[in-house]
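Visitor: compute the structure for the input listed below.
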Amino acid sequence: MEKVKAVLGLIGFPLGHSWSAKWFNEKFKKEGDVTSSYHLFPLKDITGFPAFIQSNPLLTGLNVTIPYKEKIIPYLDELDDSAASIGAVNTIRIERVSGKIHTTGFNTDGGGFLQTLTDQMIPNRALILGTGGASRAVAWALQEKGVPYSFVSREKQGSGILSYQELTPEIISAHHFIVNTTPLGTYPGITTSPPIPYHLLSGNHFLYDLVYNPGETIFIKSGKARKCNTMNGLQMLLNQAALSYNIFSGGI
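Guide: Numbering: from 1, shown residues only. Prediction:
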């Protein structure tokens with residue numbers, strides 16, 4: 001049995017909901033790669049990132065999840081165009097040459113989300129629930145499709161960002177595509193959901209939840225109860241993982 005030569009993994013906190021290790025390790029097996037392995041690395045504080053990289057000399061790549069997709073940027077040496085444009089990173093390529101470490105940040109969330117979109121989902125305007133790193137990737141993808149959007153946050157933050165309290169019947173009826181980019185509803189916190197006025201939803205709405213574990217969150221169930229079309233984040237997860245795999249393998 002060959003020794004592991006490349007270690008990859010996921011950083012974030014907490015990571016109990018993640019399926020990334022299962023997906024990547026099955027991918028390595030399918031590709032006949034017996035020298036790579038993928039692990040979960042719960043990182044309680046992003047300031048520990050440099051020491052983490054130094055103490056794991058076999059690391060060649062990382063995925064990044066909540067809450068570090070934006071916070072990781074100052075710790076990286078370089079960003080590719082997508083990560084720079086989106087302002088968030090979910091994939092890091094780690095290169096070691098002559099004892100020096102070079103880290104490059106990418107964003108495959110935007111591309112992964114974009115690949116799932118159809119014209120049926122986005123007939124007019126969109127509401128993006130949340131203002132974190134994932135919301136930036138969704139906004140980038142909607143811009144690529146030419147779809148206008150507004151962010152929704154717990155508190156009023158400025159132009160283009162609504163508070164949940166401002167979601168009037170008129171706003172809900174004018175925005176048929178609603179995307180949850182917050183962690184609300186993620187295992188084990190499955191009893192939580194974004195506080196939108198679900199009673200105002202109808203069969204004209206499409207609810208998209210980036211959460212994939214559980215497969216049906218309260219957000220999704222509430223939409224279905226109002227005859228909305230829905231989608232969870234599993235296909236986006238698979239898409240962005242495949243894009244990350246290409247980066248880890250030396251492609252772009």
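Visitor: give me the mean pLDDT for stretch 20-40.
Guide: For stretch 20-40, the mean per-residue pLDDT is 95.
Visitor: just the strands in this protein please.
Guide: Assigned by DSSP state E, the strands in the chain fall at 6-12, 36-42, 59-64, 78-79, 91-97, 100-106, 125-129, 149-153, 161-163, 175-180, 206-209, 229-231.
Visitor: redo the ones you listed as a markdown table? Include mean neighbour count and distance to residue 135.
Guide: Just so you know, the C-beta spots here come from the backbone N, C-alpha and C atoms, and that holds for glycine as well. Below are the strands of the chain laid out as a markdown table (neighbours: other CB atoms under 10 Å; distance: least, CB to CB, whole Å):
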| stretch | mean neighbour count | distance to residue 135 |
| --- | --- | --- |
| strand 6-12 | 21 | 16 |
| strand 36-42 | 17 | 23 |
| strand 59-64 | 25 | 15 |
| strand 78-79 | 16 | 18 |
| strand 91-97 | 18 | 17 |
| strand 100-106 | 18 | 17 |
| strand 125-129 | 23 | 5 |
| strand 149-153 | 21 | 6 |
| strand 161-163 | 15 | 10 |
| strand 175-180 | 24 | 8 |
| strand 206-209 | 26 | 12 |
| strand 229-231 | 18 | 17 |
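Visitor: those strands into TSV, with extra columns for distance to residue 237?
Guide: Shown next, in TSV, are those (distance: least, CB to CB, whole Å):
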stretch	distance to residue 237
strand 6-12	12
strand 36-42	14
strand 59-64	10
strand 78-79	22
strand 91-97	13
strand 100-106	16
strand 125-129	18
strand 149-153	21
strand 161-163	26
strand 175-180	14
strand 206-209	12
strand 229-231	12
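Visitor: what pLDDT is listed against residue 186?
Guide: Taking residue 186 on its own, its pLDDT is 95.
Visitor: likewise residue 120?
Guide: pLDDT, read off for residue 120, is 79.
Visitor: okay, now it: neighbour count?
Guide: When neighbours are defined as other CB atoms under 10 Å, residue 120 has 9 of them.
Visitor: and what of the one 4 residues further on?
Guide: A count of nearby residues for residue 124, using other CB under 10 Å, gives 11.
Visitor: how far away is it from residue 174?
Guide: Noted for residue 124: a distance of 7 Å to residue 174, by CB to CB, to the nearest Å.
Visitor: same thing with residue 139?
Guide: 18 Å.
Visitor: neighbour-wise, which of the two wins?
Guide: residue 139 (24 against 12).
Visitor: which other residues reach the longest helix along the chain?
Guide: In terms of residue count, the longest helix belonging to the chain (DSSP state H) is helix 234-248. Residues from elsewhere that reach helix 234-248, judged by CB atoms under 8 Å, 6 or more residues apart in numbering: 8, 19-20, 23-24, 27, 60-61, 63, 90-91, 93, 106, 108-109, 111-113, 115-116, 210, 212, 215, 252.
Visitor: alright, calling it a day.
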